[in-house]
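S.K.: my questions are about this predicted structure, shown below with the sequence.
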Amino acid sequence: MPDSIYVSDIYKSFGEVQALRGVSLRVPKGKVVGLLGPNGAGKTTLVRILATLMYPDKGEAKVEGIDVVARPDDVRRLIGLTGQYAAVDENLTGRENLIMIGRLYHMSIDAARSKAQELLNRFQLADAADRTLKTYSGGMRRLLDIAASIINSPTVLFLDEPTTGLDPKSRLELWTIIRELVAGGTTLLLTTQYLEEADRLADTIVVIDHGRVVAEGTSEDLKRRTGKTTLDEVFLTLTGHSIEETPTV
């Protein structure tokens, strides 16, 4: 199966800080790869490179076979992106935000309005569609931001910690929407700090730390590698009023 996302030996530094140190990964068409790692591991930097928001210092990255450095405009037509922070205009209504994003993708006004209404219904934001975002909760803004990222029906979607700040109900609803998108053929790169989220959604998990891939495999593979239990036996000997530890050899 051909790869929708291909990353080979990517490096990126910011001054003396090495954000990525030779990262490589592949995401087959219609699959979900969960990218896990602590803050500062390099996850967001990799997403920004794939979304053509910054250039790598070294290495190769392709989306649907298109080089992200050589042909960024062609890549942008195919992708959707939700960053760590909601990129929506709080002075516009929910509906106006979605229509504006649709128009930026060169959709006709009628098509943008129709798609906006569809997404408002799908994300259960229809009742708040004509309120300005100043009146939205943080979770509602996040859902609208994710809706905006798929208004162009992208073939490849990047979600950078999409459920951060969502209540449990909204998180479960978003998981359902993600599964529907993938079932429809969308390829997804999902960064998250929630192991449960990656466990439920990802076909493959890639763990990145200090700019390097440190583990890769299915959820079950990683559990088998890290789930072993070790037991250290210590015998306690009572001597007078004290207890001495006698470790086993």
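M.R.: Sure thing, it's come through. Numbering: from 1, shown residues only.

S.K.: going by C-alpha atoms from here, please, whenever you check contacts or count neighbours.
M.R.: Fine.

S.K.: in the chain, which spans are helices?
M.R.: 43-50, 72-76, 94-104, 109-122, 138-149, 168-183, 195-201, 219-226 (DSSP state H).

S.K.: what would these look like in a markdown table with mean pLDDT, mean neighbour count and distance to L25?
M.R.: Putting the helices of the chain into a markdown table (pLDDT from 0 to 100; neighbours: other Cα atoms under 10 Å; distance: least, Cα to Cα, whole Å) gives the following:
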| stretch | mean pLDDT | mean neighbour count | distance to L25 |
| --- | --- | --- | --- |
| helix 43-50 | 96 | 22 | 11 |
| helix 72-76 | 96 | 17 | 18 |
| helix 94-104 | 96 | 21 | 30 |
| helix 109-122 | 96 | 17 | 31 |
| helix 138-149 | 90 | 23 | 23 |
| helix 168-183 | 88 | 15 | 19 |
| helix 195-201 | 88 | 16 | 16 |
| helix 219-226 | 76 | 13 | 16 |
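
S.K.: distance to D160 for those helices - can I get that in a markdown table?
M.R.: A markdown table is the format used below for the helices of the chain (distance: least, Cα to Cα, whole Å):
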| stretch | distance to D160 |
| --- | --- |
| helix 43-50 | 7 |
| helix 72-76 | 16 |
| helix 94-104 | 19 |
| helix 109-122 | 20 |
| helix 138-149 | 10 |
| helix 168-183 | 13 |
| helix 195-201 | 12 |
| helix 219-226 | 19 |
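
S.K.: can you list the domain ranges for the chain.
M.R.: With domains defined by automatic domain parsing, the chain comprises 3-78+154-247, 90-149.

S.K.: which one of the ones you listed lies nearest to Q84?
M.R.: For Q84, the closest of those is domain 3-78+154-247, at 5.4 Å, according to Cα to Cα.

S.K.: picking up where we left off before, want to throw the domains of the chain into CSV with distance to Q84?
M.R.: What follows is these, written out as CSV (distance: least, Cα to Cα, whole Å):
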stretch, distance to Q84
domain 3-78+154-247, 5
domain 90-149, 9
